[in-house]
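Novice: Only the shape, not the letters, is given here:
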Ligand SMILES: Nc1ncnc2c1ncn2[C@@H]1O[C@H](COP(=O)(O)OP(=O)(O)OP(=O)(O)O)[C@@H](O)[C@H]1O
Ligand SMILES: [Mg+2]
């Protein structure tokens, strides 16, 4: 049994149907990349797993237990943690307050220092308010907030988007280290090369359908195939 | 041109009024920011506070004991209102929330009118607050100075709850982005009851402490209600520092203008609000992008 099972979910925004009978699964200690062009439904998939959006039909299970239909706060408490596309840092809270807030309802939160070991920059900025952080620092904080909860699975939505190459390199290294430690993750990225450098398996999405499934190695061996499926450029 | 002595004493009156406005408005703004409900019963709750101490004072001669009894009453009232009425309106449109809280306000005021009559009641100044204090440059009523000090202490307590406790952390984060608070595993709605009840106690305390300075009547809260709306717009919706600073500014503007011509004090207040809205639509301490 996989850690996370998404089975034939359909998701809608009002009347517009966005995900169609979408099924994916993630095994324990596996990193899965979710690729696809703009508007393919990647963010919607992650938001539906997190419970921000309820699937109209289908089922989502963690450890075999259904979680679809629960509110996000309940889904977070069983160990699913979204790092949203827009990062959603609390601008009026300090770095440390953002982390302490995230730790509040975690069954076994990390000590703050463990987050600071992963992101030493956050320690330097721990008393700064969220709104004063750079884009890269905000992304570190957003990932840090997920890590401090020590979740079963992390859902990262375009963690490298809009960041300077040096910072992307740092974040890719952190992601690799997390993958090597055995963290279970789904990562959505436009930067396919970066995502494939630490993913085990890949799903390709198009118009809310899964159109490709394979190992990261297979896909790296034949990039044209990915491109032909969904038209994601291999940049970065 | 009023004399300097008059201006100076009006400045102190401004401080007293301003601190009260700060206390009234901070409850209003935190309830609005957290629950998303603009509580139109807030002015009536101020009045209820004043009557609470009026009644409590008849059973005890200790001012502080009366304040404590009044606070407990406000707490219970706040819990009841939230559980029985306000709670049902969290997912309803804003118009419905405004209508229902407005209705609650009317009911509270009319109940007071029925029980105590429309005429003004007096709450005595506590024995340790009678007379005037000679400050060298100014003689000023002692109780008003103590009022400023007591309100400052309550605001400090609110500050500590908001900035030094986990509850405060959740409330501040929830005011900014309730969706993300949920994604981090916290059920924001669980804090709503506490926030509403604390807001009730805060505004009730303002009414209690103000009672010895004025005539207590069923309609006394109406002016405060309107002025505190101006204050939270000035300070930025949902902002506690904004409510405090906005309250003090509003208090001074009203009082200083009154020294020249009291007919213009509201004009000046609305003028300032318009100016702030033009220059900084989110208010002095509001952040951009919040609704
Ligand atoms: N709040 C919304 N209301 C209505 N439609 C939406 C909403 N959010 C997204 N959509 C639509 O749903 C579809 C999938 O969007 P989604 O954000 O999941 O795509 P994505 O794969 O994450 O794209 P991107 O790479 O641009 O982030 C798109 O057609 C989009 O226009
Ligand atoms: Mg997206």
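Specialist: Right, received. Where do you want to start? All values reported here derive from a predicted model rather than from experimental measurement. Ligands and ions are numbered 1, 2, ... in the order given.

Novice: Is the closest residue to ligand 1 within chain B in a helix, a strand, or coil?
Specialist: Proximity of chain B to ligand 1 (CB to the nearest ligand atom) peaks at residue B:179, 12.1 Å away. The C-beta positions use only the backbone N, C-alpha and C, and glycine is treated the same way. The three-state label for residue B:179, taken from DSSP: H, G, I helix; E, B strand; the rest coil, comes out as helix.

Novice: contacting residues for the nearest residue to it once chain neighbours are set aside?
Specialist: Spatial nearest neighbour of residue B:179, chain neighbours left out: residue A:52 (7.0 Å); criterion: CB to CB, 6 or more residues apart in numbering or on different chains. Contact analysis of residue A:52 by CB atoms under 8 Å, 6 or more residues apart in numbering or on different chains lists A:72, A:82, B:179, B:183.

Novice: before we move on, back to that, from residue A:156, how far out is the residue of chain B closest to ligand 1?
Specialist: 18 Å (CB to CB, to the nearest Å).

Novice: more neighbours, these two?
Specialist: Applying other CB atoms under 10 Å in any protein chain shown to residue B:179 and residue A:156 shows that residue A:156 carries more neighbours, namely 28 against 12.

Novice: Longest helix in the chain, by number of residues?
Specialist: Here I'm looking at chain A. In chain A, with assignment by DSSP state H, the single longest helix is helix A:165-181.

Novice: should've been chain B
Specialist: Looking only at chain B and at elements set by DSSP H, the helix with the highest residue count is helix B:4-35.

Novice: That helix: which residues count as buried?
Specialist: Residues of helix B:4-35 classed as buried by neighbour count (16 or more other CB atoms under 10 Å in any protein chain shown): B:8-35.

Novice: Then stretch B:167-181?
Specialist: By 16+ other CB under 10 Å, the buried positions in stretch B:167-181 come out as B:168-178, B:180-181.

Novice: burial count for residue A:86?
Specialist: Per other CB under 10 Å, the neighbour tally for residue A:86 reads 13.

Novice: what kind of secondary structure is it in?
Specialist: Three-state call for residue A:86 (three-state DSSP): coil.

Novice: so what's residue 20 closest to, chain neighbours aside?
Specialist: All of this is about chain A. residue A:208 (4.7 Å).

Novice: meant chain B, my bad for not saying
Specialist: Once flanking residues are discounted, residue B:20 sits nearest to residue B:206: 5.2 Å by CB to CB, 6+ apart.

Novice: hang on, the one you found is in a helix, isn't it?
Specialist: Yes - counting by three-state DSSP, residue B:206 is located in a helix.

Novice: Name the helix or strand for the residue nearest to residue A:199 when sequence neighbours are not counted, please.
Specialist: Counting by CB to CB, 6+ apart, residue A:33 is the residue found nearest to residue A:199 once chain neighbours are left out, at 3.8 Å. Assigned by DSSP states H and E, residue A:33 belongs to strand A:31-35.

Novice: With residue B:55 instead?
Specialist: Per DSSP H and E, residue B:55 falls inside helix B:42-59.

Novice: circling back to that earlier point, go through the contacts of residue A:52 and say which is closest to residue A:127.
Specialist: residue B:183 (24.3 Å; CB to CB).

Novice: Contact partners for the closest one?
Specialist: Contacts for residue B:183 (CB under 8 Å, 6+ apart) come out as A:50, A:52, A:72, A:73, A:76, A:81, A:82, A:84, A:88.

Novice: Mind doing that once more with 7 Å?
Specialist: Residues in contact with residue B:183 (CB atoms under 7 Å, 6 or more residues apart in numbering or on different chains) are A:50, A:52, A:72, A:76, A:82.

Novice: Identify the farthest-apart pair in these.
Specialist: Farthest-apart pair in the contacts of residue B:183 is A:52 and A:76; separation 10.7 Å (CB to CB).

Novice: interface residues of chain A facing ligand 1?
Specialist: By the rule CB under 6 Å from any ligand atom, the part of chain A lying against ligand 1 is A:13, A:16, A:18, A:36, A:38, A:39, A:40, A:41, A:42, A:43, A:44.

Novice: what's the nearest residue to the residue in the stretch 1-150 of chain B that chain A sits nearest to if we skip its chain neighbours?
Specialist: Closest residue of the stretch 1-150 of chain B to chain A, CB to the nearest CB: residue B:33 (10.8 Å). Using CB to CB, 6+ apart and skipping the chain neighbours, the partner closest in space to residue B:33 is residue B:238 (2.6 Å).

Novice: Would you confirm that the one you found contacts residue B:26?
Specialist: No - using CB atoms under 7 Å, residue B:238 makes no contact with residue B:26, being 10.7 Å away.

Novice: all strands of chain A, in order?
Specialist: Taking DSSP state E as the criterion, chain A contains strands spanning A:4-13, A:16-26, A:31-35, A:57-62, A:65-66, A:80-83, A:153-157, A:184-188, A:201-206, A:209-215.
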